[in-house]
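What follows is a protein structure lacking sequence information:
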């Protein structure tokens, strides 16, 4: 869809300052963003995060640690797809997801 003037101005300011636009600011301007992001990234996350990415980290050492019972903190977890995929794959580990966007946390809990 077309971005609002408010979001367009925020985008220009982000380029000038280098600070960027928070997920929360975008989701307030574009309420469907959360679901669109979840739909777009969900399939990749579920098929690649654990079997490819985590399996390759530190030559398989991260996977081994998580199998034994490690801990993960996902800062900016969004709708929680990655957190849920890791938690499901590694039931002996403790997995935490946090996000500054309340709507993302609500979606993650669903």
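Now that the structure is in, tell me what you want to look at. Please read these numbers as outputs of a predicted model, since none were measured by experiment.

Phi and psi next, for residue 95.
Main-chain torsions, residue 95, degrees, to the nearest 10: phi -120, psi 130.

Tell me the spacing between it and residue 84.
In this view, residue 95 and residue 84 are 8 Å apart by Cβ to Cβ, to the nearest Å. (C-beta placed from N, C-alpha, C; glycine too.)

neighbour-wise, which of those two wins?
residue 95 (22 against 17; other Cβ atoms under 10 Å).

I'd like the distance between that one and residue 66.
Per Cβ to Cβ, residue 95 is found 9 Å from residue 66.

And residue 93, its phi and psi?
Phi and psi for residue 93, reported as degrees, to the nearest 10, are phi -100, psi 160.

Tell me who's in contact with it.
Neighbour list for residue 93: 66, 67, 69, 70, 71, 72, 86, 87 [criterion: Cβ atoms under 8 Å, 6 or more residues apart in numbering].
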